[in-house]
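1. quick check, what structure comes out for this input:
(one chain, ligands or ions: 1)
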Amino acid sequence: LSVSQSKCRKTKVLVLGAGITGITAAKTLTENGLDDFIILEYQDRVGGRAISTNFGQKADGSPYVVELGANWIQGLQTEDGPENPIWALTKQYKVSNTFSDFDSIETFDETGPVDYTSLFDDLDSAWVEAEQDAGYILRENLLDRSFRSGLSLGGWKPRRQLPGVRPSHAQAAEWWYFDFEYAFSPEASSQQYSVVNYNTTFYRFSEENNFVWDQRGISAMVEEEADSFLGQDDPRLLLNSIITNITYTPKGVTVHTTNDICFQAQYAICSFSLGVLQNDAVSFSPPLPSWKQTAIETFQMGTYTKIFLQFPPDQVFWNTSTQFFLYASPNERGWYPVFQSLDHEDFHPGSGILFATVVSDQAHRAEAQDDEVTKDEIMAVLRQMYPNTTIPEPIDFMYPRWSTTPWSYGSYSNWPVGVTLKSHQNLRANLDRLYFAGEAGHPQFFGFLHGGYFEGKEIGERVAGCVISRGKNCTDMARYERTTGTTEFEEYHAEHGWDVDSFEVAGAVASDSLNLTVAKNL
Ligand SMILES: Cc1cc2nc3c(=O)[nH]c(=O)nc-3n(C[C@H](O)[C@H](O)[C@H](O)COP(=O)(O)OP(=O)(O)OC[C@H]3O[C@@H](n4cnc5c(N)ncnc54)[C@H](O)[C@@H]3O)c2cc1C
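-> Residues are numbered from 1 along each chain as shown. Next up is the predicted model:
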């Protein structure tokens with residue numbers, strides 16, 4: 001031990017970050033009889049990217065609580081099939097949520113309301129082709145493609161001039177189907193893993209998305225989980241602890257924070273977002289090996305920005321029985337394409353609240369500019385959508401800057417084109433006694449709250465096993481110094497974090513559905 005390390009506070013396991021992953025990992029340690037841990041968290045709160053804020057005003061003058069980050073429980077449960085653990089938590093902790101109806105949508109362009117919803121049918125059939133093709137790519141160990149090529153091969157070509165179809169309408173429809181979920185374009189996203197991500201969630205659990213509007217905020221479920229194993233003012237949860245350095249060795253892990261406090265443990269679980277790792281917000285000693293750094297730089301961190309507007313509730317100008325409003329910009333794909341109404345009987349009726357969502361480059365652009373500029377751009381769009389209507393000035397306006405938030409640097413991860421499962425495994429693999437967990441580490445549920453939950457549980461169990469067996473039952477996770485162009489079908493197994501079958505088809509929850517999708521391709 002160096003002199004400085006000898007003064008460190010000691011524990012058996014350090015859990016770095018108190019989002020859904022970190023809290024699930026710490027709870028798993030507790031369930032395995034391991035109480036000697038410390039959770040270190042940057043923020044003054046628990047929940048990570050499950051985060052809400054006050055916005056606007058209710059009739060009594062108090063604010064609404066709206067979600068800046070995660071908002072939907074994505075995939076619930078089909079009959080007595082597998083259940084999304086996030087759905088289970090929302091039920092357990094009575095977190096208010098309602099079915100989000102993606103069929104409740106009106107479409108617009110720069111001339112006002114125009115119905116181009118029939119394009120969704122074309123997209124549906126191309127999507128099915130791309131899905132089946134993805135199964136084939138995976139099963140036959142073929143080179144991955146972009147989701148764009150998958151859609152094109154399925155006959156969906158939004159830039160092509162087709163009789164009666166405006167490319168801007170087609171692009172808005174496509175954004176609604178793809179970018180709204182992945183926070184990246186189909187060009188930038190893996191065909192294979194976009195399908196895996198979608199199918200394992202929506203075909204395995206259920207196709208429903210429930211929208212959380214609980215006035216405690218969606219993080220209530222993470223807070224309640226933390227309370228289930230931590231005492232009041234538990235000294236094992238240290239908020240406002242900004243970690244600057246992580247030193248790892250075969251004997252243990254030492255962590256330093258900005259206020260020059262250090263902690264030393266036998267093991268550590270780091271749950272920082274991919275964005276935090278990519279932005280070098282934390283230094284590692286020794287520096288990360290090249291296979292780990294390569295994995296960190298290879299995967300993508302998306303930006304998904306919700307922009308909130310409250311209008312005078314008695315001057316609401318949109319249809320309050322509709323949930324979504326899709327706008328096709330004539331000039332730029334992804335220009336304030338989706339508006340969502342919270343002034344709806346299922347959410348906050350009478351609130352006058354509408355929010356727009358932008359992702360990727362459009363999100364970076366909006367996040368880099370002043371509120372007033374963004375507000376003017378949005379108001380111009382709304383005036384096009386409702387040409388013969390007087391649209392009042394919003395009485396409140398607000399949006400987060402995810403791309404520069406220092407504890408997140410982005411919203412959630414995405415799988416780029418042509419990266420294999422084994423390359424992804426390098427993102428997950430431990431370095432000596434330092435383990436990594438988090439939403440981005442799950443090869444199937446990446447980008448979702450439940451991805452973080454499952455990784456937290458798996459890594460928590462692994463580390464508990466290491467501590468309890470005093471290292472005897474502790475083997476390094478698989479890692480690959482050299483990664484090749486594809487991953488063999490036989491290598492899709494738990495050692496690479498692949499714990500559920502990804503070939504499920506809608507409505508089928510049994511793992512033997514694998515052959516159904518593949519058979520259609522052969
Ligand atoms: C805008 C947006 C919309 C989303 N929508 C959905 C959705 O509808 N449904 C869904 O399922 N998922 C959604 N997600 C994704 C979901 O929020 C994440 O997958 C999940 O919250 C990640 O949890 P995590 O614990 O892995 O990471 P995090 O929640 O990021 O937790 C990591 C923790 O580490 C802390 N930390 C970071 N750096 C340091 C440091 N240097 N020192 C100490 N602590 C540090 C952070 O403060 C954070 O609390 C969305 C995310 C965003 C941002």
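2. in a strand, Ile269, correct?
-> Yes - assigned with DSSP: H, G, I helix; E, B strand; the rest coil, Ile269 falls within a strand.
3. what residues are up against it?
-> Ile269 makes contact with Val13, Leu14, Val15, Leu16, Gly22, Ala25, Tyr435, Phe436, Ala437, Ile459, Gly460, Val463 under the criterion Cβ atoms under 8 Å, 6 or more residues apart in numbering. From N, CA and C alone the C-beta is placed, and that goes for glycine too.
4. one more time with 6 Å
-> Applying Cβ atoms under 6 Å, 6 or more residues apart in numbering, we find Ile269 in contact with Val15, Ala25, Tyr435, Ala437, Ile459, Val463.
5. then Glu131?
-> For Glu131, the contact set (Cβ under 6 Å, 6+ apart) comprises Val195.
6. and the contacts of Ile269 near the ligand, which?
-> Residues of the contacts of Ile269 in contact with the ligand (Cβ under 6 Å from any ligand atom): none.
7. looking at those residues, which is nearest Trp176?
-> Nearest to Trp176, judged by Cβ to Cβ, of those is Ala437 at 32.0 Å.
8. quick one: average pLDDT of stretch 248-264?
-> Over the span of stretch 248-264, the pLDDT mean works out to 96.
9. contacts for stretch 234-249 next, please.
-> Stretch 234-249 is touched from outside by 38-42, 44, 230, 254-258, 282-285, 431-432, 434, with contacts defined as Cβ under 6 Å, 6+ apart.
10. buried only: go through those for me.
-> Neighbour counting with 16 or more other Cβ atoms under 10 Å marks 38-42, 230, 254-257, 282, 284, 431-432, 434 as buried within the contacts of stretch 234-249.
11. still on that earlier bit, between the contacts of Ile269, which is nearest Ala126?
-> Lowest distance from Ala126 to those (Cβ to Cβ) belongs to Ala437, with 35.4 Å.
12. quick check on the residue positioned nearest the centre of the chain: phi, psi?
-> By Cα atoms, centre = their mean, the chain has its centre lying nearest to Gly447, at 2.8 Å. Taking degrees, to the nearest 10, you get phi 90, psi -10 for the backbone angles of Gly447.
13. confidence score at it?
-> Gly447 carries a pLDDT value of 98.
14. surely it touches Tyr412?
-> Yes - counting by Cβ atoms under 6 Å, Gly447 touches Tyr412, with 4.3 Å between them.
15. which stretches of the chain have low pLDDT?
-> The chain contains residues with pLDDT under 70 at 1-6, 500-522.
16. so it: which segments form each domain?
-> The chain breaks down into these domains under automatic domain parsing: 3-50+219-298+416-486, 52-214+304-404.
17. distance to Ala494 added to the ones you listed, as TSV?
-> Formatted as TSV, those follow (distance: least, Cβ to Cβ, whole Å):
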stretch	distance to Ala494
domain 3-50+219-298+416-486	9
domain 52-214+304-404	14
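18. stretch 195-213: how far from the chain's middle?
-> Offset of stretch 195-213 from its chain centre (Cα atoms, centre = their mean, to the nearest Å): 12 Å.
19. report the buried residues of that stretch.
-> Residues 195-206, 208-213 are the ones in stretch 195-213 that count as buried (16+ other Cβ under 10 Å).
20. can you narrow the residues you listed to ones near the ligand?
-> Among the buried residues of stretch 195-213, no residue lies close to the ligand (Cβ under 6 Å from any ligand atom).
21. just those: which are in strands?
-> Here DSSP state E is the test, and the buried residues of stretch 195-213 give Asn209, Asn210, Phe211, Val212 as lying in strands.
22. now, among the residues you listed, which is nearest to Arg401?
-> For those, the nearest to Arg401 is Val212 (22.0 Å; Cβ to Cβ).
23. ok, that closest one - contacts?
-> Here Val212 is in contact with Asn71, Val95, Asn97, Ile218 (Cβ under 6 Å, 6+ apart).
24. again, but for Asp346
-> Contact analysis of Asp346 by Cβ under 6 Å, 6+ apart lists Thr98.
25. could you check how far it is from Ser100?
-> Distance of Asp346 to Ser100, given as Cβ to Cβ, to the nearest Å: 8 Å.
26. got it, and Lys27?
-> Lys27 is 28 Å from Ser100, by Cβ to Cβ.
27. what does the stretch 101-250 of the chain have sitting close to the ligand?
-> Counting by Cβ under 6 Å from any ligand atom, the positions of the stretch 101-250 of the chain adjacent to the ligand are Ser241, Ile242, Ile243.
28. can you tell me the residue of the stretch 151-300 of the chain closest to the ligand?
-> With Cβ to the nearest ligand atom, the shortest gap between the stretch 151-300 of the chain and the ligand falls at Ile243, namely 3.5 Å.
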